[in-house]
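Participant: structure of the sequence below:
(chains A, B, C and D)
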There are 2 protein chains.
Amino acid sequence: MSIQAVAAKAGVSVATVSRVFNFPDKVSGATRDLVERAARELNYLPNASARTLRTQRSRVLGVVLPTLLNPTFAECLQGIAQAAVAGGYAIIPVTTGYKLDEEERAVHMLLAGNVDGLILVVSNPSTSKALERLRAQRVPYVLAYNRHPAHPCVTVDNEAAVADAVARLVLLGHRRIAMVSGTLAASDRAQQRYRGYQKGMADAGLKPQPLVEVPFVESAVDRLARLLQLRHRPSALVCSNDLLAIRSIRAAHRSGLAVPADLSVIGFDGIALGEDLTPALSTIAQPSSDIGRHGVELLIQAMAGGGALDADASLLLPHVFRDGESCAAAPDGDPGDIA
Amino acid sequence: MSIQAVAAKAGVSVATVSRVFNFPDKVSGATRDLVERAARELNYLPNASARTLRTQRSRVLGVVLPTLLNPTFAECLQGIAQAAVAGGYAIIPVTTGYKLDEEERAVHMLLAGNVDGLILVVSNPSTSKALERLRAQRVPYVLAYNRHPAHPCVTVDNEAAVADAVARLVLLGHRRIAMVSGTLAASDRAQQRYRGYQKGMADAGLKPQPLVEVPFVESAVDRLARLLQLRHRPSALVCSNDLLAIRSIRAAHRSGLAVPADLSVIGFDGIALGEDLTPALSTIAQPSSDIGRHGVELLIQAMAGGGALDADASLLLPHVFRDGESCAAAPDGDPGDIA
DNA sequence: CTGTTAGCGCTTTCAA
DNA sequence: TTGAAAGCGCTAACAG
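Facilitator: Numbering: from 1, shown residues only, chains lettered A, B, ... in the order given. Just a heads-up that it's a prediction; the model follows:
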């Protein structure tokens, strides 16, 4: 069903039909009705490819995410989708599994697919080939969760957030506080959060424990359980994300420790599911949906202005500490190590 | 960067360049090298819209899902994405939030976006306007999770799966077994699973309890806790999905019941996260990723054959009972109600 | 306010 | 094995 057919049926030119769909007020009411009726009767839908070819705008956004298996990114994608629809855009999401070459492949694929702009979560903005390429080709893009002075980013203050969480634990009497993280090298967020841990400990005059770094792939529960069976085990764990926190809680149980009586656990992300667990997860909640939404809004705005996005358009959204049940006062009698 | 530029640089016609990209063996080795070099140097990417306009195939698949906040569908989408990439397709996912009018809107949007085919999870195939439309317009599509004799579907045998779960509980000595479900009207799966519960109870000579139907939106924990404080409370719960099972466990704790000592809970879906919980979730695991993958493969296959998909191409994939820790022998002394 | 027409970048006959 | 040219459906000058 083409514009030709509609024009013929309505007895007008194709230009008029086009105007009815794109600039309705440039057409007289009578003609407009005529065309709209014809279009409806023919079940006409403008052909997106033809329109894209002609206008050089696809009204499609590419989305690059590490995975959808972590609810954080699924929530973010929902926010992205919502904002995209509101702005008249479709999205094509691609997941990379935290792998650098997949990031590049994803960007290549999306560029080949004619997307107008990209919103992405990369492993590390400083070293990303994919970003270089986008910059070189002047493709509008915005980063989500990442933070880097040279790129437009929408995220939270990871460092401050974790430092704050550590301070709360200290206030509860904890001294042996350890941090559990995924592979540091695979994520700038993990690095920022670790710095936040170090800062929090230093601020409290405590000696930071060695980072407990668990690979993404294996479930990590065994590794964590081993840690918790040590003689001078931590009384509190700050985890770099909620999934790790959940596994830490499992590890605690397996080691015969009660959460939060024997061990406090704090997560990061604020996945919705955390509130339904027992104990409900104490966590640093970031506004994942908003991060996605704002990212898209910035992007659309920039594209309307015709250009790429500037680093100083970056947004730092507020995080909140969500007080659950996995966090309590420290058991007595452990002085910990003073820094 | 257009095919013209590449042709000029390589000193050949645009037709030859096109052939190099589409039918490499129809071009002599020397010419091919020439063209490939030129393309590389110019950083040429064929324009997807132009190609789509000309060939009438977009190589894009539409995906309609209820939500990504339930990890089940996120897992499924990963499977879909993987199979789509493997088959040379991009995907455009749209979520409907279990709302019928959103289903229609989604299909409309995707059709306007020139997708070649659709994979969707609808509320109820029997009553779906969206499906009618697809059928009428002869658009290739396949359903995931849904099951209906008149449509091509990829799913599991929900009824048998739940009946089997009930049988296991009976074997463990349970008599008062209740089913917890989301809004029945909103999902054919929920209806099938409920029938499975009824069948399982009947097979054991037990009287089915009234269905505990909790709305999707509110967290349901309060409602469930109330149920569990009744005098003749159930000793086991079969839940229509894992999210409900998790909330049921929370409700149990809140009511002072231990899981599985005082209450057994079985979920449905087999979300990965369930294995990291304490107690680890006992659940009927369906192969979500495979459901997505097979759906896409069927679709691509059908589209290659030029036509829509037939109902008898439907696939029933195997489910497995994943034995976790949320399910144990019934406490003594409750005879239950005999049917 | 409406119509005519060129051309977006590509694939695909048809001819050489 | 290669090239010339038509045309996919649409938008946007431009003309009237």
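
Participant: what's the following helix or strand after the helix or strand containing residue A:227?
Facilitator: Per DSSP states H and E, residue A:227 falls inside helix A:221-228. For helix A:221-228, the following helix or strand on the C-terminal side (DSSP H and E) is strand A:236-239.

Participant: pLDDT of the helix holding residue A:227, averaged?
Facilitator: For helix A:221-228, mean pLDDT rounds to 81.

Participant: say whether DNA strand C is contacted by stretch A:135-150.
Facilitator: No: counting by CB under 7 Å from any atom of the strand, DNA strand C is not contacted by stretch A:135-150; separation bottoms out at 14.5 Å. (Glycine included, C-beta is placed from N, CA and C.)

Participant: tell me the mean pLDDT over that stretch?
Facilitator: Here the average pLDDT along stretch A:135-150 is 95.

Participant: residue A:162 contacts residue A:238, correct?
Facilitator: Yes: contact criterion CB atoms under 8 Å: residue A:162 and residue A:238 qualify, at 6.3 Å.

Participant: shared neighbours of the two, which are they?
Facilitator: Shared contacts of residue A:162 and residue A:238 (CB atoms under 8 Å, 6 or more residues apart in numbering or on different chains): A:179, A:197, A:268.

Participant: from the residues you listed, which is closest to residue B:104?
Facilitator: Closest approach between those and residue B:104, by CB to CB: residue A:268, at 38.7 Å.

Participant: out of the shared contacts of residue A:162 and residue A:238, which touch DNA strand D?
Facilitator: When CB under 7 Å from any atom of the strand is applied, no member of the shared contacts of residue A:162 and residue A:238 is adjacent to DNA strand D.

Participant: CSV for those, including secondary structure, pLDDT and neighbour count?
Facilitator: Output for the shared contacts of residue A:162 and residue A:238, formatted as CSV (DSSP: H, G, I helix; E, B strand; the rest coil; pLDDT from 0 to 100; neighbours: other CB atoms under 10 Å in any protein chain shown):
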residue, secondary structure, pLDDT, neighbour count
A:179, strand, 97, 29
A:197, helix, 98, 25
A:268, strand, 98, 29
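
Participant: re the thing from before, C-alpha coordinates for the helix holding residue A:227, PDB please?
Facilitator: Extracted C-alpha coordinates of helix A:221-228, given in PDB (Å, rounded to 0.1, in the frame of the first residue of the first chain):
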ATOM      1  CA  VAL A 221      29.100 -18.400  46.400                       C
ATOM      2  CA  ASP A 222      31.800 -20.900  47.200                       C
ATOM      3  CA  ARG A 223      34.500 -18.200  47.100                       C
ATOM      4  CA  LEU A 224      32.500 -16.000  49.300                       C
ATOM      5  CA  ALA A 225      31.700 -18.700  51.800                       C
ATOM      6  CA  ARG A 226      35.400 -19.400  52.100                       C
ATOM      7  CA  LEU A 227      36.000 -15.800  53.000                       C
ATOM      8  CA  LEU A 228      33.300 -15.900  55.600                       C
END
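
Participant: so how far is it off the chain centroid?
Facilitator: 28 Å (CA atoms, centre = their mean, to the nearest Å).

Participant: quick check, it touching chain B?
Facilitator: Yes: contact of helix A:221-228 with chain B (CB under 8 Å from any CB of the partner chain) involves residue A:221.

Participant: which neighbouring elements make contact with that helix?
Facilitator: strand A:212-213, helix A:242-254 (3 or more CB pairs under 8 Å, 6 or more residues apart in numbering or on different chains; DSSP states H and E).

Participant: repeat that for 10 Å
Facilitator: Counting by 3 or more CB pairs under 10 Å, 6 or more residues apart in numbering or on different chains; DSSP states H and E, the packing neighbours recorded for helix A:221-228 are strand A:177-181, strand A:212-213, strand A:236-239, helix A:242-254.

Participant: can you list contacts of that helix?
Facilitator: A:178, A:180, A:209, A:212-215, A:233-234, A:237, A:239, A:244, A:246-257, A:262-263, B:275-276, B:278 (CB atoms under 10 Å, 6 or more residues apart in numbering or on different chains).
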